[in-house]
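Quick one: sequence plus predicted model below, questions after.
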Amino acid sequence: MTLQRFVSDLEEGDVFVPVRYTLSSFVIREYCHGNAEDYPGFHGPTAETGGLHVAAPTLSHIEKIRLYKHNCPGGQGPKARIHVEYFATQFAPIPAGTELVTSGKVARRYLKRGRTYMEIHIEVRSALTDELYTRYVDTTILAYEKSDENPENTDV
């Protein structure tokens with residue numbers, strides 16, 4: 001296990017220590033302002049959302065950052081990472097004030113065209129009922145580096 005170091009040190013099979021917290025209206029609203037999410041229910045309670053302030057499905061990016069900050073306090077490591085793609089499945093709206101547990105693991109770490117990729121799987125659940133709210137798969141490029149398989153870093 002390479003937890004408690006850098007994100008770039010994570011290895012396939014590493015399991016993140018789960019993070020438990022209460023999702024605040026402030027985090028939802030500020031995230032949505034920063035990402036130009038303009039649906040009114042993401043900025044406060046509305047009749048359409050049953051009087052609830054709900055999180056945007058893309059807020060799952062914050063869950064990844066929570067896991068990294070809690071499990072990799074050294075930060076990203078010596079090289080910047082590049083977010084490549086993600087797939088999020090939202091099973092139910094998450095209201096502000098909900099106590100959540102975010103868990104995850106490094107599902108894959110692999111080399112492609114001279115770049116190190118990492119795929120992590122994350123789940124967001126109710127801390128009280130264990131209801132699954134979000135399942136999230138995130139792929140990141142950790143580094144652009146030469147390898148024995150591709151010493152010139154040419155696309156293969």
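Received, thanks. As the structure is a prediction and not an experimental result, all values here were calculated from the model.

From here on, just use CA atoms for contacts and neighbour counts.
OK.

Now the element after the helix or strand of the chain with the lowest mean pLDDT, going C-ward?
Ranked by mean pLDDT, DSSP states H and E, the weakest helix or strand in the chain is helix 25-34, scoring a mean of 68. From helix 25-34 onward toward the C-terminus, using DSSP states H and E, the following helix or strand is helix 60-71.

got a list of contacts for that following helix?
3-5, 7, 16-19, 75, 88, 102-104, 122, 124, 134, 136 (C-alpha atoms under 8 Å, 6 or more residues apart in numbering).

and those residues, which are buried?
Buried members of the contacts of helix 60-71, counted by 16 or more other C-alpha atoms under 10 Å: 3-5, 7, 16-19, 88, 102-104, 122, 124, 134, 136.

For residue 82, state which of those residues is nearest.
Nearest to residue 82 among the buried ones among the contacts of helix 60-71: residue 7, at 12.0 Å, using C-alpha to C-alpha.

Apart from its neighbours in sequence, what residue is nearest that closest one?
Leaving out its chain neighbours, the residue that sits closest to residue 7 by C-alpha to C-alpha, 6 or more residues apart in numbering is residue 76, at 4.7 Å.

Leaving out chain neighbours, which residue sits closest to residue 57?
residue 90 (6.2 Å).

Now do the same contact list for that neighbour.
By C-alpha under 8 Å, 6+ apart, the neighbours of residue 90 are 57, 133-135.

Just give me the residue right at the centre of the chain.
residue 64 (2.3 Å; C-alpha atoms, centre = their mean).

tell me the mean pLDDT for the host helix or strand of residue 86?
In this assignment (DSSP H and E), residue 86 forms part of strand 82-90. Averaging pLDDT along strand 82-90 gives 89.

now do stretch 99-111
95.

Would you mind putting the CA coordinates of it into PDB?
The C-alpha trace of stretch 99-111 is given here as PDB (Å, rounded to 0.1, in the frame of the first residue of the first chain):
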ATOM      1  CA  GLU A  99     -23.900  12.700   6.000                       C
ATOM      2  CA  LEU A 100     -21.900  10.800   3.400                       C
ATOM      3  CA  VAL A 101     -19.100   8.200   3.200                       C
ATOM      4  CA  THR A 102     -16.900   8.300   0.200                       C
ATOM      5  CA  SER A 103     -14.700   5.200  -0.500                       C
ATOM      6  CA  GLY A 104     -12.600   4.100  -3.400                       C
ATOM      7  CA  LYS A 105      -9.700   2.100  -4.800                       C
ATOM      8  CA  VAL A 106      -7.100   2.200  -7.500                       C
ATOM      9  CA  ALA A 107      -8.600  -0.200 -10.000                       C
ATOM     10  CA  ARG A 108      -5.900   0.000 -12.700                       C
ATOM     11  CA  ARG A 109      -2.500   1.600 -13.300                       C
ATOM     12  CA  TYR A 110      -1.000   1.100 -16.700                       C
ATOM     13  CA  LEU A 111       1.300   2.500 -19.400                       C
END
